[in-house]
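[1] Kindly generate the corresponding structure for this input.
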Amino acid sequence: MTSLSDLHRALHSLSKPRRVSYIKLAVVAVFLLRSRLFSVPRNLLKLKVKAAGLVSNGNGVDPNSTTTHENVPLYLEEENGSKTLLVPFRGRISKVKITPVSASYIAATRTLFPRLQPSPDDPHSTSQSSKPSKSTVSQLISILRIAFPSIRSKQTLVLILHSAFLVLRTYLSVLVAKLDGRIVRDLVSANAAGFGRGLILWFLLAIPSTYTNSMLRHLQSKLSLHLRTTLTRYAHDLYFSPAPLLRYYRISHGQPSERLEGVDQYITADIAAFCDSLSALYGNIMKPSLDMLIFTSQLSRSLGFRGTVLLFLNYYATAKILRSVTPAFGRLAAVERGLEGEFRAGMGRVGRESEEIAFYGGGPRERDILWRAYLRLVKHINSIFKIRIAYEWTEDFVIKYAWSAAGYLLISIPILFTRRQRSVAVQTSLQHAETVDDAVAIRTENYISSRRLLLSLADAGGRLMFAYKDILELAGLSSRLYMLFSTLHTIESPPEFVRNADRVALHHVNIEVPGEHLQLVKGLNLELPASTGNGAEDLDFEPVTEQGESTSIGDHIWKMNPGEHLMITGSNGVGKTAIARVIAELWPSVGDVLERPDRGVNGIFVLPQRAYMVVGSLLDQIIYPHSHAQFIHSGKTLDDLMNILRTVHLEYLPEREGGWGTVKEWRDVLSGGEKQRMGMARVFYHRPRFAVLDECTSAVSSDVEGLMYQHAKDVGITLITISLRPSLAKYHTRMLSLLGDGTGRWTMTRVGTAEERMGIDREIVSLEAKLAEVGKWEARIKELNGLLGVEADTNLVDT
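    Now for the predicted structure:
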């Protein structure tokens, strides 16, 4: 690097006009590089979109649509499984390639996050330690290995650039301190020429200094953003894992040991706070450390041995004092994040369930619940504020005032206690100091340079001491992120099912609630083949009990025939939906074997009772979970989708809502029946071989419901329906009834046979027996009314 004297000599060797020209040229160049004067008119680049071949392939998508489904798709799928995002940026389409994270990488990083055991270092424990423990350091290292996957990553490059600018900033600080002393020396010596040259150099030095400060802030923000992108991507890859893991479901509904409350707070706010804290902490540690190293080395030349020893004693005393009064900021920050997540989850719950709460008139009750959550948060934050009063008072006193006083004492050492005059400024010579005025000027220069270095040194020490508090807060955030990743990695995959594209079979399968060992259904043993389009063969079940019901006892497998459909019924809470969860692999199957096809086209499709409306356009609601690119690849057109809407009696939606590309909050726009019919439209769009329908038409009228079920049978979909509606029985051939007596027993009957009729006859007999007792109940009501009447008369007399 060129020293200040070299720069000074170079400028002095130039003639005055040339010096002015060079200065003007440098200033203009800096402003031109930071401006947009030479930017190309970007409106012309919009014409390149069609030429790039990014238009749709004539699948019927409206070219005049104003939504994301316009001429340009959202992304392109590559042959290797990666996706290229097409992002509009400054009038052009910027391509961002997204490579999927391999399963081997996820498996390899699992060893970094063993299950976190409760310990005194846990942020939720009662530990009040104010020191980062070894476990906290190991947790931070594990997270950093994910945040910096390789030395060739973008965040590594940004970190290197940030470090280079930090070093440059420290070097510029030394030059500024020297130049400051020279300007004051020339001013005291009444050297006008030297003073003018100093000002010129001052402005020249201001250009890289200000640019360096701006780049430091910019690179810190970029580093935080890259770290957040990497950690969020890793969290998403874990959280949204495909079947059979389905971590996004099991972390909330799985085994108690696998659950974690407030996952949204962890993935959104906590990752962002961690990355901001880490990127800021790097600058707050490295820059002050460099400053202290360089400034101390510069000052030690003039302070001598005694001054240098006192300087290091000052460092040690400051560190001991501040460390002794530092609270457990890590634990406090972790608890605060947890309370923030609780309050945020409460607000989200009210937003999701606003209609139900409004029907109940539960607004005041929900307000009280949220207010209590907010008060817990505020109480904790106020306690942090009180704790910080004593700490910040001690910190300010030590850093600002004690260090300033120590600085004056250190400056006075070479002057007051050393006979021979020492040069306090770096690279300052007294060879030309022949007069008293020169000696005063040079001493003034030494004092100004040393004072500026000491002030910078005090500022660096202060920021380094302040960073200790940031380290503790980072430790709390690290513990929360480690808890998130370790919990996601802990979730185990359920037993693998046997893939069979031709049937759904459960062989001696018990249905149990995960983690509670509560058996709902025992020994389910049946096979349901896919429809072949030839109709069902007329075969009866065996064995049959005397009452006309198929028994569930024994090793007999109830084998149904192609073209048959199964209806599962029973009272509430007996485990009907649990069977659907086992088939969908949300719950593990306890027993021998579960056979079923994969999800999707020519596979199995599960439709829950509560209709889910995805964020997006009307078209997205029908093709879910397909994306727009998958819709184009399927070869279907908007005419096909309109035919599906006609089948479910929703053909009026595109016109009513403003077209296929209209984006709305569909869960609020559509009624309950419309949302359930939209779910059936998804079944007809995907055309699976098997459809598990769990009370998915409970809000649909019986006539439309019947038409949809009949259409599903006509297109060759084998139905497994869970419902209490007797009107749906005629669309099925077999009925699985769960008794719900606590033993897990079940019965199988053929719909429309003598077995079913005998079951209906028994129900009629039971109802007739109850009707025969109506007279007794009426007589009893009269007796009770009489007793109540006498009591009322007695009360009136007493009054």
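[2] Going along the chain, name the strands of the stretch 451-600 of the chain.
    498-499, 503-513, 518-529, 558-559, 566-570, 590-596 (DSSP state E, counting those that start in this stretch).
[3] Report the mean per-residue pLDDT for the second one.
    Per-residue pLDDT values over strand 503-513 give a mean of 87.
[4] in it, what's buried?
    503-507, 509-512 (16 or more other Cβ atoms under 10 Å). The way it works is simple: take the backbone N, C-alpha and C, and place the C-beta from them, glycine included.
[5] In CSV: those, plus distance to residue 620.
    Formatted as CSV, the buried residues of strand 503-513 follow (distance: Cβ to Cβ, whole Å):
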residue, distance to residue 620
503, 32
504, 29
505, 34
506, 34
507, 38
509, 35
510, 38
511, 34
512, 36
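[6] out of those, who's nearest residue 566?
    residue 504 (8.7 Å; Cβ to Cβ).
[7] Pairing partners for the closest one in the sheet, please.
    Residue 504 forms beta bridges with residue 528, as assigned by DSSP bridges.
[8] Start at 3, not 1
    Right, with 3 as the first residue, what we last looked at is residue 506.
[9] tell me the contacts of it?
    Counting by Cβ atoms under 8 Å, 6 or more residues apart in numbering, residue 506 makes contact with 529-530, 585, 597-599, 606, 692, 720, 722.
[10] and the nearest residue to residue 375 once chain neighbours are set aside, how many neighbours does it have?
    Using Cβ to Cβ, 6 or more residues apart in numbering and skipping residues adjacent in sequence, the residue nearest residue 375 is residue 345, 4.6 Å away. By the criterion of other Cβ atoms under 10 Å, residue 345 has 21 neighbours.
[11] helices and strands around the host helix or strand of residue 345, which ones?
    Residue 345 belongs to helix 331-354 when assigned by DSSP states H and E. In terms of contacts (3 or more Cβ pairs under 8 Å, 6 or more residues apart in numbering; DSSP states H and E), helix 331-354 is packed against helix 265-267, helix 365-398, helix 438-492.
[12] Show me how far the next helix or strand after the first one is from its chain's centre.
    Going back to what we said before, that points to helix 265-267. Sequence order places helix 273-327 as the next helix or strand after helix 265-267, per DSSP H and E. Offset of helix 273-327 from its chain centre (Cα atoms, centre = their mean, to the nearest Å): 36 Å.
[13] Ok, stretch 81-99 next?
    22 Å.
[14] got the buried residues for that stretch?
    Buried residues in stretch 81-99 (16+ other Cβ under 10 Å): 85, 88, 94-95.
[15] and what of stretch 206-225?
    Here stretch 206-225 shows 206-207, 210-211, 213-214, 217-218, 221-222, 224-225 as buried, counting by 16+ other Cβ under 10 Å.
[16] Only C-alpha atoms, please: export stretch 286-300 in CSV.
    C-alpha atoms of stretch 286-300 as CSV (Å, rounded to 0.1, in the frame of the first residue of the first chain):
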residue,chain,number,x,y,z
ASN,A,286,-18.3,-5.9,15.5
ILE,A,287,-15.6,-8.3,16.5
MET,A,288,-13.2,-8.3,13.5
LYS,A,289,-13.1,-4.6,13.0
PRO,A,290,-12.5,-3.7,16.7
SER,A,291,-10.0,-6.5,17.0
LEU,A,292,-8.0,-5.2,14.0
ASP,A,293,-8.2,-1.7,15.3
MET,A,294,-7.0,-2.7,18.7
LEU,A,295,-4.1,-4.7,17.2
ILE,A,296,-3.0,-2.1,14.8
PHE,A,297,-3.6,1.0,17.0
THR,A,298,-1.9,-0.7,19.9
SER,A,299,1.2,-1.5,17.8
GLN,A,300,1.3,2.1,16.6
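[17] rounded to a whole number, what's the mean pLDDT of it?
    74.
[18] and what of stretch 380-398?
    Rounded mean pLDDT across stretch 380-398 is 81.
[19] how close does residue 408 get to residue 299?
    Distance, residue 408 to residue 299, using Cβ to Cβ, to the nearest Å: 18 Å.
[20] So those two - more neighbours on which side?
    A count of neighbours by other Cβ under 10 Å puts residue 408 above the other of residue 408 and residue 299, at 19 against 11.
[21] so the more buried one, which of the three states?
    helix (DSSP: H, G, I helix; E, B strand; the rest coil).
[22] Neighbours of the spatially closest residue to it that is not a sequence neighbour, how many?
    The shortest distance from residue 408 to any non-neighbouring residue, by Cβ to Cβ, 6+ apart, is to residue 316 (4.9 Å). If you count neighbours by other Cβ under 10 Å, residue 316 ends up with 21.
[23] does residue 316 really touch residue 400, like I thought?
    No: Residue 316 lies out of contact with residue 400 (Cβ atoms under 8 Å); the separation is 9.8 Å.
[24] Could you list the low-confidence segments of the stretch 3-152 of the chain?
    3-76, 82-83, 118-136 (pLDDT under 70).
[25] what about residue 734, how many residues close to it?
    23.
[26] distance of residue 635 from residue 85?
    Distance from residue 635 to residue 85, by Cβ to Cβ: 13 Å.
[27] Now the common contact residues for the two.
    residue 79.
[28] Out of the helices and strands packed on helix 331-354, flag the one nearest residue 671.
    helix 365-398 (22.4 Å).
[29] Specify the angle between that closest one and helix 273-327 in degrees.
    Counting by axes from the mean of the first three to the mean of the last three Cα atoms, to 10 degrees, helix 365-398 lies at 50 degrees to helix 273-327.
[30] Could you identify which of the helices and strands packed on helix 331-354 is most buried?
    helix 438-492 (a mean of 21; mean count of other Cβ atoms under 10 Å).
[31] got a list of what the residue minimising distance to the centre of the chain touches?
    For the chain, the residue nearest the mean C-alpha position is residue 269 (2.8 Å; Cα atoms, centre = their mean). Residue 269 makes contact with 234, 237-238, 241, 486 under the criterion Cβ under 8 Å, 6+ apart.
[32] Throw the residues you listed into JSON lines and include secondary structure, pLDDT and distance to residue 103, thanks.
    As requested, these are arranged in JSON lines below (DSSP: H, G, I helix; E, B strand; the rest coil; pLDDT from 0 to 100; distance: Cβ to Cβ, whole Å):
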{"residue": "234", "secondary structure": "helix", "pLDDT": "91", "distance to residue 103": "12"}
{"residue": "237", "secondary structure": "helix", "pLDDT": "91", "distance to residue 103": "11"}
{"residue": "238", "secondary structure": "helix", "pLDDT": "90", "distance to residue 103": "9"}
{"residue": "241", "secondary structure": "helix", "pLDDT": "90", "distance to residue 103": "12"}
{"residue": "486", "secondary structure": "helix", "pLDDT": "92", "distance to residue 103": "16"}
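[33] which one among these gets closest to residue 575?
    Nearest member of these to residue 575, counting by Cβ to Cβ, is residue 241, at 30.2 Å.
[34] Could you check how far the closest one is from residue 108?
    Taken as Cβ to Cβ, the span from residue 241 to residue 108 is 12 Å.
[35] next one: residue 778
    68 Å.
[36] I am finished for the moment; much appreciated.
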